[in-house]
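Novice: With the sequence up front, the predicted model follows.
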Amino acid sequence: MTLAISPACGRSDTKTGAIAGQEPRRGGQLVVSARTEPRTFNRLVSREATTDFVASLMQARLVRINQVTDEVEPWLAESWTRADSGLEYTLTLRPNVTFSDGHPLTADDVVFSLAAAYAVPISADSLEIDGRKLAMAAVDPLTVRLTMPVRYAPGLRILNNLWVLPRHRLEAAFKGGTLAAAWTLAAPPSEIAGLGPFVLSAYSAGQRLVFARNPHYWRKDGKGVQLPYLDQLVLEIVPEENTQLLRLTSGASDSTISEVPAEAYATIKRAADEGRLRLYDLGVGLDPDAFWLNLKPGAFAGDARAGWLQRDELRRAISMAVDRQLFADTVFLGAGLPVFGPETPANKKWYSPDAPQTPHDPAAARALLQSIGLTDADGDGVLEDAKTRSPARFTVITQKGRPSLERGVSVIRDELKKIGLGVDVVALEGGAVIEKIMSGRYDAVYFHPYLSDTDPAGSPDFWLSSGSLHFWNIGQKTPATEWEKRIDELMARQMQSLDEAERKRLFDEVQKIFAEHQPAIYFVAPRVFAAASTRMINVTPAVQRPQLLWSPDSVAVAP
């Protein structure tokens, strides 16, 4: 990852995030915005960006991954030891930590939290190793023993996926089998307790969430000042990017939980040059937008398109038809890098430059389509299925109000039209897109998924065929294809090997197989920019979302 501060931003210390001459102090309020509201206050049942951000405000982990250094840091666990076998860890909790309702944290809460995560499928797979669960036991009130089912190369990094929840609040729902229905958006704020820096004080559906300082928060800064610095953080729901931009440049809000869109760069840069904002250039992004077709077996049973819509040849033809440089110039105004898989050069440790790169070759794309029976028999430029005579046409859903997604899907549509494929575009609200993906009721999607971790072993939900974020075919009991089975095998070995060179070799092979079959097609990784008001200080910018707010207890308002 590279980190560069725009000259217009003023001098910044990239280690501490402190702006020259401005020391953080307690007090004040920040207003930030998100494009979608959280789906729930229960992070166990949803993993989209706003729900993640809300969880980071109200909850905490045993350890966390520092998004700047990419290293594991002690958090609720202040220290740990590892047995010689490498399978067992003993973690010591910080003393005198309490939940936001004043109830003390104990090892029983930690053990309960792991059991709760395993009770909800969407959170379970990120805490499994090769499909097997961790084991956890309370040794005493401040000591937890964690046992891995097999060797796991990233070690305690897996615990970044475990939010420590209040047993006294959620145990009844857990025992009653209703945990997935707990802490919905209809829940009174007083029902929600956590170990994070803030508590929810008010929620207006579709408008805003107000978070107040958690008076019981456990963390202090280097001078002994209790965190968080802020008295209040307001999260506004602003679905339209243009409205987000207007509120940011006018001073009505202080930042967003996502990057600056390419089309807003000039406006933000001008505001930064005038001293109204700070603009951060964070380099090429880690999580490019993705296009994928519904590969769930039987999804198109009885559909005239069933013979070709899930074929490898169709996906390869789509990848070959789209000019990635044109895509970068049109969608991201040139501020993007052509890519060919979910890993980008920003992930320096794991990205494989040797994975196959699909050439831009419309003629070869047409030949591939012909090989699966899609021909232009009447010469009108539109392909038809040679058997059914039905047009080669499908629908792509994307998120409404996201110009980069809307422009991107337009480029895809126009490029595919050149090779005879018809594409209908339907833009939906973000929550509706996620619902379609999770239910498997769609032809194709163009959206912004993201991997759980830069270490591939930390993203089994994506890489394993059984993963809850294996979005082209979610919820497989067994691999649907031989190549997915092969990836499962390679990832199992990759997760367990303690030889870093071997892990890299294995993951290079995974990327090669993925590039050959392209269950999801990636075109461009945009350059990531983030912006904030000059009031917002002590930030530590990172390329991953939320770029400026991933450590919310440390962010402050300028004196």
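Specialist: Ah, there it is.
Novice: For Gly275, list the residues it contacts.
Specialist: Neighbour list for Gly275: Thr534 [criterion: C-beta atoms under 8 Å, 6 or more residues apart in numbering]. (Glycine included, C-beta is placed from N, CA and C.)
Novice: Quickly find the element holding Asp424.
Specialist: Assessed by DSSP states H and E, Asp424 sits inside strand 422-428.
Novice: next one: that strand to chain centre, how far?
Specialist: 24 Å (C-alpha atoms, centre = their mean, to the nearest Å).
Novice: Can you mark which positions in that strand are buried?
Specialist: Buried residues in strand 422-428, counted by 16 or more other C-beta atoms under 10 Å: 423, 427-428.
Novice: Residues in contact with the helix or strand Ile122 falls within: which ones?
Specialist: Per DSSP H and E: Ile122 is located in helix 121-124. If you take C-beta under 8 Å, 6+ apart as the criterion, helix 121-124 is touched by 43-47, 117-118, 133, 161, 468, 475.
Novice: The strand holding Asp424 pairs with which strands, and in what direction?
Specialist: Paired strands of strand 422-428, with direction, are strand 393-399 (parallel) (DSSP bridges).
Novice: so after the partner strand, what's the next helix or strand?
Specialist: Using DSSP H and E, the helix or strand that follows strand 393-399 in sequence is helix 403-417.
Novice: now the angle from that next one to strand 393-399?
Specialist: 170 degrees (axes from the mean of the first three to the mean of the last three C-alpha atoms, to 10 degrees).
Novice: Which elements pack onto helix 403-417?
Specialist: helix 312-321, helix 324-331, strand 393-399, strand 422-428, strand 444-447 (3 or more C-beta pairs under 8 Å, 6 or more residues apart in numbering; DSSP states H and E).
Novice: Tell me what angle it forms with helix 312-321.
Specialist: Using the same axes, to 10 degrees: helix 403-417 against helix 312-321 is 110 degrees.
Novice: re earlier: mind putting the contacts of helix 121-124 into CSV with pLDDT, secondary structure and distance to Met320?
Specialist: Shown next, in CSV, are these (pLDDT from 0 to 100; DSSP: H, G, I helix; E, B strand; the rest coil; distance: C-beta to C-beta, whole Å):
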residue, pLDDT, secondary structure, distance to Met320
Arg43, 94, helix, 39
Leu44, 95, helix, 41
Val45, 93, helix, 39
Ser46, 89, coil, 35
Arg47, 81, coil, 32
Ala117, 97, helix, 41
Tyr118, 96, helix, 42
Lys133, 96, strand, 42
Asn161, 92, helix, 36
Ser468, 84, coil, 30
Gly475, 80, coil, 30
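Novice: just these now: which is nearest Leu91?
Specialist: Within the contacts of helix 121-124, the smallest distance to Leu91 is 15.1 Å, found for Asn161 (C-beta to C-beta).
Novice: Tell me, how many residues neighbour the nearest residue to the closest one once chain neighbours are set aside?
Specialist: Nearest non-adjacent residue to Asn161, counting by C-beta to C-beta, 6 or more residues apart in numbering: Ser126, 4.1 Å away. Per other C-beta atoms under 10 Å, the neighbour tally for Ser126 reads 22.
Novice: same deal with Tyr265?
Specialist: So Tyr265, with other C-beta under 10 Å, has 18 neighbours.
Novice: Next: Ser465.
Specialist: Neighbours around Ser465, by other C-beta under 10 Å: 19.
Novice: How much space separates it from Gln310?
Specialist: 15 Å (C-beta to C-beta, to the nearest Å).
Novice: can you pull out the helices in the protein?
Specialist: 49-58, 107-118, 121-124, 167-175, 241-250, 265-273, 312-321, 324-331, 362-371, 403-417, 430-439, 460-463, 482-496, 500-517 (DSSP state H).
Novice: Run through who's touching the first one.
Specialist: Which is helix 49-58. Applying C-beta under 8 Å, 6+ apart, the contact partners of helix 49-58 are 34-41, 43, 100, 163, 192, 194, 196-200, 209, 211, 214, 233, 235, 257-258, 450, 545-546, 549-550, 552.
Novice: buried residues in it?
Specialist: 49-58.
Novice: For this structure, name the helix or strand with the lowest mean pLDDT.
Specialist: Every helix and strand in the chain was compared by mean pLDDT, DSSP states H and E; the lowest is strand 4-5, with a mean of 23.
Novice: re earlier: most tightly surrounded among the helices of the chain?
Specialist: With neighbours defined as mean count of other C-beta atoms under 10 Å, the helices of the chain peak in mean count at helix 460-463, which reaches a mean of 25.
Novice: Keeping just the C-alphas, turn it into PDB.
Specialist: The C-alpha trace of helix 460-463 is given here as PDB (Å, rounded to 0.1, in the frame of the first residue of the first chain):
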ATOM      1  CA  PRO A 460     -12.600 -18.100   3.500                       C
ATOM      2  CA  ASP A 461     -16.100 -16.600   3.100                       C
ATOM      3  CA  PHE A 462     -15.000 -15.600  -0.500                       C
ATOM      4  CA  TRP A 463     -12.500 -18.200  -1.600                       C
END
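Novice: what mean pLDDT does that helix have?
Specialist: Mean pLDDT, computed over helix 460-463, is 91.
Novice: Report how many residues lie close to the closest residue to Arg311 other than its chain neighbours.
Specialist: Nearest residue to Arg311 in three dimensions, chain neighbours excluded: Ile372, at 5.2 Å (C-beta to C-beta, 6+ apart). Residues near Ile372, counting by other C-beta under 10 Å, number 18.
Novice: Relative to Asn538, which of the helices and strands packed on helix 403-417 is closest?
Specialist: Asn538 lies closest, by C-beta to C-beta, to one member of these: strand 393-399, at 31.6 Å.
Novice: Pull out the buried residues from the closest one.
Specialist: Quick answer for strand 393-399 (16+ other C-beta under 10 Å): 393-394, 396-399.
Novice: what does stretch 220-237 give?
Specialist: Buried residues in stretch 220-237, counted by 16+ other C-beta under 10 Å: 221, 226-230, 232-237.
Novice: Including pLDDT, could those residues go into TSV?
Specialist: Below are these laid out as TSV (pLDDT from 0 to 100):
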residue	pLDDT
Asp221	96
Gln226	97
Leu227	98
Pro228	98
Tyr229	98
Leu230	98
Gln232	98
Leu233	98
Val234	98
Leu235	98
Glu236	98
Ile237	97
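Novice: Retrieve the pLDDT associated with the most far-flung residue of the chain relative to its centre.
Specialist: Distance from the centre of the chain peaks at Asp378, with 45.0 Å (C-alpha atoms, centre = their mean). Note on Asp378: pLDDT of 89.
Novice: Also the one 4 residues further on?
Specialist: Looking at Val382, its pLDDT stands at 95.
Novice: I'd guessed it sits against Asp376; true?
Specialist: Yes: the criterion here is C-beta atoms under 8 Å, and Val382 meets it with Asp376 at 6.5 Å.
Novice: The spatially closest residue to the residue farthest from the centre of the chain that is not a sequence neighbour pairs with what?
Specialist: Distances taken as C-beta to C-beta, 6+ apart put Glu384 closest to Asp378, at 7.9 Å, once the chain neighbours are dropped. The bridge-partner assignment for Glu384, based on DSSP bridges, gives Thr375, Pro391.
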